[in-house]
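Visitor: heads up, no residue letters with this:
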């Protein structure tokens, strides 16, 4: 099936601001993408109303991702931290609603890079459901779905797999955000894992197994896309990679070397390859 394709502005910039978005959105549209993904590292970095006008003018749709930086926690954290994290997530939902994004995606449970030994996982997941419930309700009232992303074992110890996410999110109204990069590390059979998430997939991010351009890797992309079709997912595939020019994000994402001849090539080559699979 033909599917919309998008790209995350992290390929080029972090944090995103109005000036960078104005520059990048034009190029993204010229290359032929359907959607642009907007990270909210901190509310106020970019103006949602201004972004909405820009994207409408260009004919681009938006997806929005949350950022769980240090101090953003919903599990095994003080009540004050959980409260401020919920407030941040509500602000991200507001930004998504303003730009017309149907989804807010990301690891909405713990700061990226935080790992700890979890002796009672069922209790941790109950705590997560309690922490997420008000945010999911707030999002639903605004026509936005929260899609929670499993991360690989080096970035979290809480939710690494589709099966863990399904257990953790049961009854919350949240959906899953699948990131092929993380799935390649944690899932023994990517198409099978996608199949188990059928009906619960709210967002999908793609990249090569090394965070480069999809198609320049060892992944079985035809099988992955067939599994997404079989699972009924009709939303965008968004290329997510990161710039090495921002020290904090390069360290957080472990980007220690160039992943393509240029950052543009990650987007353009990935777009060309994914379009070829739909031809």
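Guide: Cool, the structure landed. This is a predicted model, so every value here is computed, not measured.
Visitor: contacting residues for residue 60?
Guide: 25, 28, 29, 33, 34, 35, 36 (Cβ atoms under 8 Å, 6 or more residues apart in numbering). C-beta: built from backbone N, CA, C; applies to glycine.
Visitor: Please determine how far it is located from residue 127.
Guide: 38 Å (Cβ to Cβ, to the nearest Å).
Visitor: With residue 239 instead?
Guide: According to Cβ to Cβ, residue 239 stands 33 Å off from residue 127.
Visitor: Who has more neighbours out of the two?
Guide: Using other Cβ atoms under 10 Å, the more surrounded residue of residue 239 and residue 127 is residue 239, with 29 against 18.
Visitor: for that one, what are its contacts?
Guide: Shown in contact with residue 239 (Cβ under 8 Å, 6+ apart): 5-8, 11, 205-207, 213-214, 266-267, 270-271.
Visitor: Please repeat the previous calculation with a cut-off of 6 Å.
Guide: 7, 206, 267, 270 (Cβ atoms under 6 Å, 6 or more residues apart in numbering).
Visitor: List just the nearest of those residues to residue 119.
Guide: residue 206 (34.5 Å; Cβ to Cβ).
Visitor: Pretty sure that closest one sits against residue 180.
Guide: Yes. Residue 206 is within contact range of residue 180, at 4.9 Å (criterion: Cβ atoms under 6 Å).
Visitor: The two: who's more crowded?
Guide: residue 206 (27 against 22).
Visitor: hey, what's that one bridged with?
Guide: Taking DSSP bridges as the rule, residue 206 bridges to residue 239.
Visitor: Now intersect the contacts of residue 239 with the strands, please.
Guide: The strands, defined by DSSP state E, take in 7, 206 from the contacts of residue 239.
Visitor: Taking the contacts of residue 239 together, which two end up most distant?
Guide: Greatest spatial distance in those: 206 and 267, 11.5 Å, computed using Cβ to Cβ.
Visitor: Can you give me the separation between residue 62 and residue 162?
Guide: 25 Å.
Visitor: typo on my end, it should be residue 4
Guide: 22 Å.
Visitor: Among the two, which residue is more densely surrounded?
Guide: Using other Cβ under 10 Å as the criterion, residue 4 and residue 162 rank with residue 162 on top: 23 against 14.
Visitor: which residues touch the more buried one?
Guide: Residue 162 sits next to 193, 196, 197 when contact means Cβ under 6 Å, 6+ apart.
Visitor: And for residue 40?
Guide: Contacts of residue 40 (Cβ under 6 Å, 6+ apart): 92, 95.
Visitor: I'd like the numbering to begin with 19 instead of 1 from here.
Guide: Done: numbering now begins at 19, and the last item shifts to residue 58.
Visitor: partners of it in the sheet?
Guide: Residues in a beta bridge with residue 58, per DSSP bridges, are residue 84.
Visitor: Just the contacts of residue 78: which are in strands?
Guide: Taking DSSP E, the ones among the contacts of residue 78 that sit in strands are 53, 54.
Visitor: Got the phi and psi for residue 251?
Guide: Per-residue torsions, residue 251: phi -80, psi 120 (degrees, to the nearest 10).
Visitor: distance of it from residue 217?
Guide: 9 Å.
Visitor: do the same with residue 166
Guide: From residue 166 to residue 217 the distance is 15 Å (Cβ to Cβ).
Visitor: again with residue 187
Guide: From residue 187 across to residue 217, the span is 12 Å (Cβ to Cβ).
Visitor: now do residue 174
Guide: From residue 174 to residue 217 the distance is 24 Å (Cβ to Cβ).
Visitor: if we can go back for a sec, which of residue 251 and residue 217 has more neighbours?
Guide: The neighbour count for residue 251 versus residue 217, taken as other Cβ under 10 Å, is higher for residue 251 (24 against 9).
Visitor: Run a quick neighbour tally on the nearest residue to the more buried one once chain neighbours are set aside.
Guide: Nearest residue to residue 251 in three dimensions, chain neighbours excluded: residue 219, at 4.5 Å (Cβ to Cβ, 6 or more residues apart in numbering). When neighbours are defined as other Cβ under 10 Å, residue 219 has 20 of them.
Visitor: and what of residue 76?
Guide: Neighbours around residue 76, by other Cβ under 10 Å: 15.
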